[in-house]
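A.B. asks: sequence-free structure coming up:
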């Protein structure tokens, strides 16, 4: 049996407006000295690998599509692979998915 992820994102238009507003905030945050300092560490928050600043992306711990905000407390650096694999999962869901996949081996 395969488990499907289901996300009730609510009113589509409202979600899209929220995402647009938060993406604009994220663009400003990327220009901040705080973000530059984070980038210089070169470390992926998810896999803890040192991948260098050029290979890191901004990841929202609580995804924008699930009501997350573009704030310092909700954004971390993630390598492109981890960010892509995480999709709309929260950190807890990511950990649970890893445990499930390890148990199914």
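C.D. replies: Noted; the coordinates are in hand. None of the values given here were measured: they were computed from a predicted structure.

A.B. asks: I'd like the next helix or strand past the top helix by length along the chain.
C.D. replies: Across the chain, the longest stretch assigned as helix under DSSP state H is helix 12-30. Next in sequence after helix 12-30, counting helices and strands by DSSP states H and E, comes helix 33-41.

A.B. asks: thinking again about what came up before, can you tell me what sits against the longest helix of the chain?
C.D. replies: Contacting residues not belonging to helix 12-30 are listed as 9, 35, 58, 60, 64-65, 67-72, 75 [CB atoms under 8 Å, 6 or more residues apart in numbering]. Where you see a C-beta, it was placed from the backbone N, CA and C, and this is true even at glycine.

A.B. asks: For ChimeraX, what selects the buried ones among those?
C.D. replies: The buried residues among the contacts of helix 12-30 can be selected in ChimeraX (16 or more other CB atoms under 10 Å) with this line:
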select :35,58,60,64,65,68,69,70,75
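
A.B. asks: how about JSON lines for the contacts of helix 12-30, with pLDDT, distance to residue 98 and secondary structure added?
C.D. replies: Compiled in JSON lines, the contacts of helix 12-30 are given as follows (pLDDT from 0 to 100; distance: CB to CB, whole Å; DSSP: H, G, I helix; E, B strand; the rest coil):
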{"residue": "9", "pLDDT": "60", "distance to residue 98": "24", "secondary structure": "coil"}
{"residue": "35", "pLDDT": "96", "distance to residue 98": "27", "secondary structure": "helix"}
{"residue": "58", "pLDDT": "96", "distance to residue 98": "22", "secondary structure": "strand"}
{"residue": "60", "pLDDT": "96", "distance to residue 98": "19", "secondary structure": "strand"}
{"residue": "64", "pLDDT": "93", "distance to residue 98": "23", "secondary structure": "helix"}
{"residue": "65", "pLDDT": "89", "distance to residue 98": "21", "secondary structure": "helix"}
{"residue": "67", "pLDDT": "92", "distance to residue 98": "23", "secondary structure": "coil"}
{"residue": "68", "pLDDT": "94", "distance to residue 98": "21", "secondary structure": "coil"}
{"residue": "69", "pLDDT": "97", "distance to residue 98": "25", "secondary structure": "coil"}
{"residue": "70", "pLDDT": "97", "distance to residue 98": "26", "secondary structure": "coil"}
{"residue": "71", "pLDDT": "97", "distance to residue 98": "26", "secondary structure": "coil"}
{"residue": "72", "pLDDT": "96", "distance to residue 98": "26", "secondary structure": "coil"}
{"residue": "75", "pLDDT": "97", "distance to residue 98": "21", "secondary structure": "strand"}
